[in-house]
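# I'll drop the sequence and a predicted model, then ask my questions.
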Amino acid sequence: MNYKKLADLLFPDVNSDISYYENLYPERPNKFVTRFAPSPTGFLHIGSLYTAYISNIMAKQNDGVMILRIEDTDSKREVIDASNLIIKDLNDFNININEGINSGNYGPYIQSKRVNIYHTYVKYLIEKGLAYPCFLTEEEISDIRKRQEINKERIGIYGEYACYRDLSFEEVKQKLESNANYVIRLKSPGNFNERFTFEDLIKGKIEFPSNDLDIVLLKSDMIPTYHLAHVIDDHLMRVTHVIRGEEWLSSLPIHYQLFRIFNFKMPKYAHISPLTKKEGDTVRKLSKRKDKECLVSYYEKLGIPDEVIKIYFNTLINADYESWYNSKSDNEFKFTFKKMPVGGSLFDSDKLINISKTYFSRLTAKELLDKTLEYYKKYDIDFYNVLSTDYNYSINILNIERNIKKPRKDISSYSDIKSCFWYFFDEYFYKLNRWNEYENVDNNLLEKYMEYYNYKDDKDTWYTRLKEFASENGYSPSVKEYNDSPDNYKGHIGDVCESIRIALTSLKETPDIYEIMQVMGYDKVIKRINKFVNRK
RNA sequence: GGCUCGUUGGUGAAGUGGUUUAACACGCCGCCCUCUCAAGGCGGUAUUCAUGGGUUCGAACCCCAUACGAGUCACCA
């Protein structure tokens, strides 16, 4: 068989040879080159983002290069403009790309623009007798599959099933002239009974049987499959570290074989275990279809900052990150592949919320307000208007129990700001308040309190005087005392506070009532109590 | 069914042969502080690392088997 003649028959337009590309894309000085290679099929999945984020961390940490490559070889699934959406999501998440689409000397970075490269390499393989056109139809393949299932054989095109391996030049020519559909398959030199070991950066040593499947290299539209594109692109882009999802691990024997056949240097691989979710008793990968929390935009709408998701990711990536984070150490945290989880990582929203609370509690009021305004401008313009009317008032609200050693941790998202502080604003307070839910508040007591209240008292004075006020009106100044002899009192200091709290906020649970009054100011306090006392 | 990986509490996990009567964090429970809530403090939450065998003076850690779970087996990536 004259493979050269066959190669020319199949690829008459390919004139350059592989050494042209080898020289075009020389080896790099960088020791760490990685890439994120999504296919443009819609919004970014949180799992993809997770992988991209890890690649980015490792690239930054090693002074490396991060490439963005768009894998648009599946024309059936492609979504228009999806690559722009991906870039937007990556930007929002602060993942910086050093090379891709608009920059870099190792492009093009869009696979659909690289077909001439793939064809050159496939032509080379055909010349070497390591690839061949295969005329199996879809029906024939599915018949083979059925037969293999019945006979309990391995599934796939190999051995006797690879029936077009050794067609003569004339037979191929004849098929071509009759316009038969075909794909280009690898003529796999592997033997399933031979094994090889491979070292994954995360999972360690793994043993595999060699690949003997004649996998498809070029589909019938002569567009490459992932396997071919991965090997050629990552070689020519001189990628040193392939960081990708674990779902690729099982096709590693194919990639390993392809690298050997082409005589390319193997990159290092890190296979990231998937983010999973528990549903009832079963654990499964987060799925785009079923899980709303799988979309990056879900968290944005909820008001969970990207920063928080990153911190949560960090704790999943290397479990010791959390104690570093909590210790507020100044040293930079060093991520390693070795410490990444080998099994799946369960995505725990309780934990996410907790991290979010800690994150929010560490912000200054100004930082918080600025970010909060940004959020409401987009998702609730009414509240945005209210919140931005008096900037200082809003700052003071957010400052309640914030500038202390152990700040409050009751906010886990921007949306909590509204549900925690709406009552500070008359626009909401007089519309939404729940005064009439509380029947047995002592009106008489509140009326007297309006006279008694002194805005200028500091906190200690205020509390001391409040105790006196309680005593004068038949309330115990101490809860303990009240509990010892409840019959002697109308209630205790707590009840007094509660009455004030209800009048001012219409809620039973709020932050410190003294601070609330300080922020509201004398007029607002008196006006609210007054309105409360005179409610119908 | 084949191939690969995994299995430590309610959850995420640390730990790779003796300092482990299993770290840390989340959750949960109790107590304390306290005007409520949040936070904080203190304590309780695995007599034991899927199960069974083996190696060893000694095993969560090494080996084998079993069970269960996950991933994968396309002209998708």
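Yep, it's here.
# Alpha carbons of stretch A:511-530, as CSV, please.
Only the C-alpha atoms of stretch A:511-530 are listed here, as CSV (Å, rounded to 0.1, in the frame of the first residue of the first chain):
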residue,chain,number,x,y,z
PRO,A,511,-29.4,44.6,66.3
ASP,A,512,-28.8,46.7,69.4
ILE,A,513,-31.7,49.0,70.1
TYR,A,514,-29.6,51.8,71.4
GLU,A,515,-27.5,52.0,68.3
ILE,A,516,-30.6,51.9,66.2
MET,A,517,-32.0,54.9,68.0
GLN,A,518,-28.7,56.7,67.6
VAL,A,519,-28.7,56.1,63.9
MET,A,520,-32.4,57.0,63.4
GLY,A,521,-32.0,60.3,65.3
TYR,A,522,-34.3,61.8,67.9
ASP,A,523,-37.0,63.0,65.6
LYS,A,524,-37.5,59.7,63.8
VAL,A,525,-37.6,57.8,67.1
ILE,A,526,-40.2,60.1,68.7
LYS,A,527,-42.3,60.2,65.5
ARG,A,528,-42.4,56.4,65.3
ILE,A,529,-43.2,55.9,68.9
ASN,A,530,-45.9,58.5,68.7
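# So what touches it?
A:393, A:396-397, A:400-401, A:408, A:410, A:424, A:426, A:429, A:446, A:449-450, A:453, A:455, A:459, A:462-463, A:497, A:500-501, A:503-505, A:510 (CB atoms under 8 Å, 6 or more residues apart in numbering). C-beta: built from backbone N, CA, C; applies to glycine.
# For it, list every residue counted as buried.
Of all the residues in stretch A:511-530, those buried under the rule 16 or more other CB atoms under 10 Å are A:511, A:513-520, A:524-526, A:528-529.
# centre of the chain versus it, how much separation?
Taking the mean of its C-alpha atoms, stretch A:511-530 sits 42 Å from the chain's own mean (CA atoms, centre = their mean, to the nearest Å).
# for stretch A:379-395, same thing?
For stretch A:379-395, the separation from the chain centroid amounts to 30 Å (computed by CA atoms, centre = their mean).
# what do you get for stretch A:496-507?
That offset, for stretch A:496-507, works out to 42 Å (CA atoms, centre = their mean).
# so who does the closest residue to RNA strand B within the stretch 1-150 of chain A touch?
Here the stretch 1-150 of chain A gets closest to RNA strand B at one residue, A:E71, 2.9 Å apart by CB to the nearest atom of the strand. Going by CB under 8 Å, 6+ apart, A:E71 touches A:37-40, A:111, A:226, A:229.
# rerun at 6 Å
Counting by CB atoms under 6 Å, 6 or more residues apart in numbering, A:E71 touches A:37, A:39, A:111.
# can you give me the strands in the stretch 101-250 of chain A?
In the stretch 101-250 of chain A, the strands defined using DSSP state E, counting those that start in this stretch lie at A:131-134, A:183-186, A:195-200, A:204-209, A:216-218, A:241-245.
# Off-centre distance for the shortest one?
Distance of strand A:216-218 from its chain centroid, counting by CA atoms, centre = their mean, is 32 Å.
# what residues does it touch?
A:122, A:131, A:183-186, A:224-225, A:228.
# Okay, buried residues for the helix or strand hosting A:H271 please.
Counting by DSSP states H and E, the element that carries A:H271 is strand A:268-272. In terms of neighbour count (16+ other CB under 10 Å), strand A:268-272 has its buried residues at A:269-272.
# which residues in the stretch 201-350 of chain A form helices?
Shown for the stretch 201-350 of chain A, the helices assigned by DSSP state H, counting those that start in this stretch span residues A:226-236, A:252-262, A:296-302, A:306-317, A:321-327, A:349-362.
# and the fifth one, what does it pack onto?
The contact analysis (3 or more CB pairs under 6 Å, 6 or more residues apart in numbering; DSSP states H and E) places helix A:321-327 against helix A:306-317.
# got a list of contacts for the helix it packs on?
A:53, A:93, A:321-322, A:340, A:345, A:352, A:355-356, A:359.
# RNA strand B next: which of these are close?
Restricting those to those touching RNA strand B (CB under 7 Å from any atom of the strand) yields A:322, A:345.
# Nearest to RNA strand B among the contacts of helix A:306-317?
Among those, and counting by CB to the nearest atom of the strand, the member closest to RNA strand B is A:S345, at 4.2 Å.
# Near the closest one, how many other residues are there?
A:S345 has 18 neighbours, counted by other CB atoms under 10 Å.
# Just the buried ones from the contacts of stretch A:511-530, in ChimeraX syntax?
The buried residues among these can be selected in ChimeraX (16+ other CB under 10 Å) with this line:
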select /A:393,396,397,400,424,429,446,449,453,462,497,500,501,503,504,505,510
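# so of the contacts of stretch A:511-530, which ones are in helices?
A:393, A:396-397, A:426, A:429, A:446, A:449-450, A:459, A:462-463, A:497, A:500-501, A:503-505 (DSSP state H).
# Show me where the stretch 1-150 of chain A has its helices.
With DSSP H, counting those that start in this stretch, the ranges of helices along the stretch 1-150 of chain A come out as A:3-10, A:18-24, A:46-61, A:82-92, A:115-127, A:138-150.
# Which of the ones you listed has the lowest mean pLDDT?
Of all those, mean pLDDT reaches its minimum on helix A:82-92 (a mean of 82).
# How much space separates A:I232 from A:I101?
18 Å (CB to CB, to the nearest Å).
# okay, the two: which has more neighbours?
For A:I232 and A:I101, the more surrounded residue by other CB under 10 Å is A:I232, and the numbers stand at 24 against 16.
# Nearest residue to the more buried one in space, please, no chain neighbours.
In this structure, A:I232 finds its nearest non-sequential neighbour in A:Y121, 5.5 Å apart by CB to CB, 6 or more residues apart in numbering.
# what's the burial count for that neighbour?
23.
# looking at it, A:L201 is touching A:A270, isn't it?
Yes: at 4.0 Å, A:L201 counts as touching A:A270 under the criterion of CB atoms under 6 Å.
# Report the set of residues contacting both of the two.
A:F337.
# which secondary structure elements does the strand holding A:H271 contact?
Using 3+ CB pairs under 6 Å, 6+ apart: strand A:268-272 touches strand A:241-245.
# and the strand it packs on, average pLDDT?
Mean per-residue pLDDT for strand A:241-245: 94.
# now do stretch A:303-313
In this model, stretch A:303-313 has a mean pLDDT of 89.
# picking up where we left off before, filter the contacts of stretch A:511-530 by proximity to RNA strand B?
Among the contacts of stretch A:511-530, the residues lying close to RNA strand B (CB under 7 Å from any atom of the strand) are A:401, A:408, A:410, A:463, A:497, A:501, A:510.
# Give me the nearest residue to the fifth one, chain neighbours excluded.
In space, not counting the residues next to it along the chain, A:C497 is nearest to A:I513; the distance is 5.7 Å by CB to CB, 6+ apart.
# and that neighbour, backbone torsions?
phi -70, psi -30 (degrees, to the nearest 10).
# buried residues in stretch A:357-367?
A:357-361, A:363, A:365.
# Go ahead and name everything in contact with stretch A:18-34.
In contact with stretch A:18-34 (CB under 6 Å, 6+ apart) are residues A:55, A:59, A:62, A:64-66, A:106, A:117, A:120-121, A:124, A:236, A:238-241, A:243.
# Make a ChimeraX selection of the buried ones in these.
Provided next is the ChimeraX selection string for whichever of the contacts of stretch A:18-34 are buried by 16+ other CB under 10 Å:
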select /A:55,59,64,65,66,106,117,120,121,124,236,238,239,240,241,243
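# where does the stretch 301-450 of chain A dip in pLDDT?
A:328-330 (pLDDT under 70).
# Show me which residues of it sit near RNA strand B.
Residues of the stretch 301-450 of chain A lying near RNA strand B (CB under 7 Å from any atom of the strand): A:315-316, A:319-320, A:322-323, A:326, A:339, A:341-346, A:348, A:350-351, A:354, A:357, A:401, A:406-410.
# Done for today, thanks.
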